[in-house]
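Q: Sharing a sequence plus its predicted fold:
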Amino acid sequence: MKDNMTRIRICPRCGRSYHEAPALSRADNETLICPDCGTREALESIGVDEKEQELILGAIHRSGQV
């Protein structure tokens with residue numbers, strides 16, 4: 001039986017609390033991080049600068065995907 005409790009986590013990368021499914025950090029392939037930091041790490045890996053990352057994250061949040 002599935003339990004309906006929501007687990008609140010704290011991201012070790014940014015310190016933000018979140019309840020979504022965690023992402024696996026690319027830095028060590030072990031640490032669970034918030035979805036936003038997971039997206040940032042993926043975008044960093046392909047050379048997207050911080051300003052563009054924030055625009056992309058804003059679009060994701062507006063679309064309701066996170």
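A: Received, thanks.
Q: got the phi/psi numbers for the nearest residue to residue 22 once chain neighbours are set aside?
A: Counting by CB to CB, 6 or more residues apart in numbering, residue 22 lies nearest to residue 32, which is 3.8 Å off, once chain neighbours are set aside. Quick note: C-beta positions are derived from backbone N, CA and C, even for glycine. Taking degrees, to the nearest 10, you get phi -90, psi 130 for the backbone angles of residue 32.
Q: same thing with the one 3 residues further on?
A: Comment: the main-chain dihedrals of residue 35 come out as phi -60, psi -40, following degrees, to the nearest 10.
Q: separation between it and residue 61?
A: Using CB to CB, to the nearest Å, residue 35 is found at 10 Å from residue 61.
Q: neighbour-wise, which of the two wins?
A: Counted by other CB atoms under 10 Å, residue 35 and residue 61 do not tie: residue 35 has more neighbours, with 17 against 11.
Q: Test for you: state the pLDDT assigned to that one.
A: We note a pLDDT of 97 for residue 35 in this prediction.
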